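> Return a 3D structure for these sequence lines:
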Amino acid sequence: MNDKSPNSNDEMLPEYHLDYHSAKPNRFAAKSGKPKMTVVVLDEDVAQVFTTAESVNKVLRALIETMPQTTEGETV
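Numbering: from 1, shown residues only. Prediction:
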């Protein structure tokens, strides 16, 4: 029979409080090879027409093509 008490340093606490203000972004996250995605919430009437990400992207890309371009290639 082992009479040693468990070492308190080896035990997990029931809850940890992390200081997210001192957290740094993961510098390796952008190198994952996955395309960067941005989430946009559509109004209900728009979402009823454009039901997939592909349909939204197709229409927005077509709209971008019709927009005037600046000399730097950005849209006005």
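
> so where do the helices sit in this protein?
The residue ranges that make up the helices of the chain, judged by DSSP state H, are 44-49, 53-66.

> now for those, which one comes closest to Tyr16?
helix 53-66 (36.3 Å; C-beta to C-beta). No exception for glycine: its C-beta is placed from N, CA and C like everyone else's.

> buried residues in that closest one?
Neighbour counts using 16 or more other C-beta atoms under 10 Å place Val56 of helix 53-66 among the buried residues.

> average model confidence for it?
What helix 53-66 shows for mean pLDDT is 94.

> Now it - C-alpha only, PDB.
What follows is helix 53-66, C-alpha atoms only, in PDB (Å, rounded to 0.1, in the frame of the first residue of the first chain):
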ATOM      1  CA  ALA A  53     -21.300  30.400 -50.400                       C
ATOM      2  CA  GLU A  54     -20.600  29.600 -54.000                       C
ATOM      3  CA  SER A  55     -23.600  31.600 -55.300                       C
ATOM      4  CA  VAL A  56     -22.700  34.600 -53.100                       C
ATOM      5  CA  ASN A  57     -19.100  34.600 -54.300                       C
ATOM      6  CA  LYS A  58     -20.100  34.200 -57.900                       C
ATOM      7  CA  VAL A  59     -22.400  37.200 -57.800                       C
ATOM      8  CA  LEU A  60     -19.900  39.300 -55.800                       C
ATOM      9  CA  ARG A  61     -17.100  38.500 -58.200                       C
ATOM     10  CA  ALA A  62     -19.300  39.500 -61.200                       C
ATOM     11  CA  LEU A  63     -20.100  42.800 -59.400                       C
ATOM     12  CA  ILE A  64     -16.400  43.400 -58.700                       C
ATOM     13  CA  GLU A  65     -15.700  43.100 -62.400                       C
ATOM     14  CA  THR A  66     -18.100  45.900 -63.200                       C
END
